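Undergrad: Build me a model:
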Amino acid sequence: MDQEQKETVSEALRHLRAAVGEYVWGVQKGADYTLMLEFGSPHLFVREPARLGPDAGQITIDVLGRRMVAPTGKWHLFIDDGEWSVFTKSHSTRRFDTDRTRVDAALRQLDGQKLASVDYLEDAHTWRFNFDLDGSLIIARSSPAEADWNEQSAWVLFYEDRSWIAFGNDLRMSCRD
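TA: This is a model prediction of the structure:
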């Protein structure tokens, strides 16, 4: 890892470590093998209906033409393209695990734990989140099987003010203030 990449990882760790000491909640596996976690005090996120053109299809109208209200934390971690694994005292699951019972059990045990530390393991190119009740979340870079692999985000951290930072498979960070 070169100096620029080390500085980028250090900056990403600074953002992630801001959530240390906070409870994780709302842990859920989404469609497309994503993982979502909330940290910090909850508040309501309200997305107003979008203005749609006359040629909008029914799916677009159903999704964007309505108001969406959802509880979210001070920090919302969205693991999109990263290869994630969750380990707790008695359960574990991975990104492509299809056993819904095992997935639900592991995520349920992680839910409610307090974030104790976040580290980047350079040799393995992985992020490790440690929790107070022996839970852990590991995020590794995905395999470079697709042409746009370098442009894909391993994870994105959203803030309550709707700003975000994203960390890519190419060890680059992007953000929106």
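Undergrad: any low-confidence regions in the chain?
TA: 143-151 (pLDDT under 70).
Undergrad: Strands of that one, start to end?
TA: 24-29, 35-39, 43-47, 68-72, 75-79, 83-87, 92-94, 115-121, 126-131, 136-140, 153-159, 164-168, 173-176 (DSSP state E).
Undergrad: Output the ones you listed as a markdown table; include the columns mean neighbour count and distance to Q109.
TA: Where C-beta positions appear, they are placed from N, C-alpha and C, glycine not excepted. Shown next, in a markdown table, are the strands of the chain (neighbours: other C-beta atoms under 10 Å; distance: least, C-beta to C-beta, whole Å):
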| stretch | mean neighbour count | distance to Q109 |
| --- | --- | --- |
| strand 24-29 | 18 | 9 |
| strand 35-39 | 23 | 13 |
| strand 43-47 | 11 | 25 |
| strand 68-72 | 12 | 21 |
| strand 75-79 | 20 | 17 |
| strand 83-87 | 21 | 8 |
| strand 92-94 | 18 | 10 |
| strand 115-121 | 16 | 15 |
| strand 126-131 | 20 | 10 |
| strand 136-140 | 20 | 11 |
| strand 153-159 | 21 | 21 |
| strand 164-168 | 21 | 26 |
| strand 173-176 | 14 | 30 |
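Undergrad: wait, which of the ones you listed is closest to R17?
TA: Ranking the strands of the chain by their distance to R17 (criterion: C-beta to C-beta) puts strand 115-121 first, at 5.3 Å.
Undergrad: Neighbouring strands - and their directions - for that closest one?
TA: Note on strand 115-121: by DSSP bridges, its sheet partners are strand 126-131 (antiparallel).
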